[in-house]
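1. predicted model and sequence follow; I will ask about them next.
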2 protein chains.
Amino acid sequence: VIQSRPMTDINSITHPADRLLAAIDSKRAPVCVGLDPVVEKLPVALRPEEEDDAESIAYAMEEFCFEIIEAVSPSIPCVKLQSACFERYGHHGWISLQALIQGTTQEKMQIILDAKRGDIGISAEHYAAANFQDIPGIGAFAPDWLTINSYLGEDGITPFLKHERHGAFAMVRTSNPGGDAIQNLRLQDGRTVAQAVGELIASVGAGFVGERGFSSLGAVVGATKREDAARLREIMPQQLFLVPGYGAQGGGIDDVLPCFKSDGAGALVTASRSVIYAFEPNDPNWMKSVADAAAKFADEVGQAVGNR
Amino acid sequence: VIQSRPMTDINSITHPADRLLAAIDSKRAPVCVGLDPVVEKLPVALRPEEEDDAESIAYAMEEFCFEIIEAVSPSIPCVKLQSACFERYGHHGWISLQALIQGTTQEKMQIILDAKRGDIGISAEHYAAANFQDIPGIGAFAPDWLTINSYLGEDGITPFLKHERHGAFAMVRTSNPGGDAIQNLRLQDGRTVAQAVGELIASVGAGFVGERGFSSLGAVVGATKREDAARLREIMPQQLFLVPGYGAQGGGIDDVLPCFKSDGAGALVTASRSVIYAFEPNDPNWMKSVADAAAKFADEVGQAVGNR
């Protein structure tokens, strides 16, 4: 099984990969719960008072996410917030996203903001500042990690690595059906496009490695791409893999194991819908159902990785 | 020279490519001004009252952008708002971005929101809704166009094409130095990655073509990639090209001409810093300087395209 380390003070760990690994150790499970809140799926008790008001809806989603974080925190070290779900509600969604990130301590939960940001150098610097720097009068947004694009190359990536407590997961191999059309193309030298992107990420990330050997530049590698994961693991030995697609998207335990290194470290498996909607809408004990689903998910992955 | 059509009622044109082409015709210039506001560069007269307050800063940026839109509107059919510059100021930035888009009629100016959004299918649908659908209590954000990622493939793109008045420019070949690392790789079949992405965009966009032969799915093709532009133009005959990198990033008129078709249509050349900061900070007539720089830019590109 994975060795557990005492969680003395996760907040005191500066490097984002070291901090995330410490959080994973403390829960003995390399897993993440994806928070993709959709108003129609909220428990009846949390439905917004005003159905036609973005502020009410965003606030209901915020409450739901805070409750989920509370429910899953005994077994889960990390949550991933889907920015798109909040952006649907304009600045009200933005306020809720900020409240969630600022209102959750790193001790309780590591936070990935899944916003897939990226642009050419100067604009990437603005995006990095938007996420990781102090906003005057508001404070820092400051998710521990942000998902980013890799298509723009190095000067679109490095701006996100200059904020020492924060890291970025760059898209390498996505979990969706359409991803193959570009990512799986074969280059003249025999590599796939995703493998070439992986080499770029490994190279750019090499300057940002923490004490435990992982970079603050990680990689998104979908759970549905089992055949590619082992090769990408070799190409990116210093990258933490964020592995979405487990559960509802069809990825299973055998699909995600190749994302881990032989010592059981190196990946963070993400499930979303199968955990956060593991209840009947009218269930007054919906938080218990979510907590149970989270514990089962954490146990399933933790056991499989520990017992390889 | 480019034929001018009477601009009877641009708002009444539903298809975003037809509408953008009508706007281009009305100004006789296939150009766009990029609004990348940075507080340090604002005219002294517009500097925020409170330097340490995101709301003051965002409002100053909003005022600046409204003034720029007013100044350049006699010669420029389209502006591109850089989302990252606004996101730096949290929800206050969001409110200003919304005010700018909602407060500018399509008759006056077509608007591209440069946000480089994209994710797998269901999340892409949320992003499309965030930008193109009505937000209850707030109204639609509704830029005419949005820039998007192409790395995730078809199911990451089509959600942005389902809102009939709106279009998307997908990143194909970016203007930054780092773009080559991925986009210029050579595939086994001889194409570059950018060319393969271009074929995907052409294929996906084929179902969304307007009366004038252009799709509501366009392509971002940087002005600094002259050697690639002609081939990409062949690959994507139905795509409008959004061509950033003119001026400050080093692209010149000869670099952008291959982005146009032989009839002078098909591209929108974007300049940002060289227009919006064409003044001394203390200049009380800074709007005149910006208007002059915009007119010169529009004339330069309009003449060159018209005289090929």
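-> Looks like it came in fine.

2. give me the secondary structure label for A:K80.
-> Of the three states, A:K80 takes strand under DSSP: H, G, I helix; E, B strand; the rest coil.

3. for it, give me its contacts.
-> Counting by CB atoms under 8 Å, 6 or more residues apart in numbering or on different chains, A:K80 makes contact with A:32-35, A:111-114, A:242, A:244, A:270, A:272. To be clear about C-beta, it is placed using only N, CA and C from the backbone, and glycine gets the same treatment.

4. including distance to chain B, could the residues you listed go into JSON lines?
-> Shown next, in JSON lines, are those (distance: CB to the nearest CB, whole Å):
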{"residue": "A:C32", "distance to chain B": "16"}
{"residue": "A:V33", "distance to chain B": "16"}
{"residue": "A:G34", "distance to chain B": "10"}
{"residue": "A:L35", "distance to chain B": "12"}
{"residue": "A:I111", "distance to chain B": "16"}
{"residue": "A:I112", "distance to chain B": "13"}
{"residue": "A:L113", "distance to chain B": "12"}
{"residue": "A:D114", "distance to chain B": "8"}
{"residue": "A:L242", "distance to chain B": "13"}
{"residue": "A:P244", "distance to chain B": "8"}
{"residue": "A:T270", "distance to chain B": "12"}
{"residue": "A:S272", "distance to chain B": "10"}
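
5. select from these the one having the most neighbours.
-> Most neighbours among those, by other CB atoms under 10 Å in any protein chain shown: A:C32, with 34 neighbours.

6. so what's that residue bridging to?
-> A:C78, A:T270 (DSSP bridges).

7. on that earlier part again, what about the contacts of A:K80, which are in strands?
-> Mapping the contacts of A:K80 onto strands (DSSP state E) picks out A:32-35, A:111-114, A:242, A:244, A:270.

8. hmm, which two among these are most spread apart?
-> In those, two members sit farther apart than any others by CB to CB. They are A:I111 and A:P244, at 15.3 Å.

9. touching, A:I157 and A:I148? I think so.
-> Yes - counting by CB atoms under 8 Å, A:I157 sits close enough to A:I148 to count as a contact (6.6 Å).

10. please say which of those two ends up with more neighbours.
-> Legend: neighbour count by other CB under 10 Å for A:I157 and A:I148, higher for A:I148 (28 against 25).

11. so that one sits against A:A170, correct?
-> Yes - contact criterion CB under 8 Å: A:I148 and A:A170 qualify, at 5.2 Å.

12. between the two, which contacts overlap?
-> With contacts taken as CB under 8 Å, 6+ apart, A:I148 and A:A170 have A:I157 as neighbours in common.

13. joint contacts of A:I157 and A:I148?
-> Common neighbours of A:I157 and A:I148 (criterion: CB under 8 Å, 6+ apart): A:118, A:168, A:170.

14. tell me the SS of the second one?
-> Spelled out, that is A:A168. strand.

15. quick check: pLDDT value at the closest residue to it other than its chain neighbours.
-> Computed as CB to CB, 6 or more residues apart in numbering or on different chains, the closest residue to A:A168 that is not its neighbour in sequence is A:F160, at 4.1 Å. For A:F160, the model assigns a pLDDT of 98.

16. what of A:N307?
-> 70.

17. ditto for A:C259
-> 96.

18. and it, what does it touch?
-> Neighbours of A:C259 in contact, by CB under 8 Å, 6+ apart: A:221, A:223, A:229, A:232-233, A:241, A:243, A:266-267, A:269.

19. just the helices in chain A please.
-> A:16-27, A:54-72, A:83-87, A:90-102, A:121-132, A:180-183, A:193-205, A:226-235, A:253-256, A:273-276, A:286-306 (DSSP state H).
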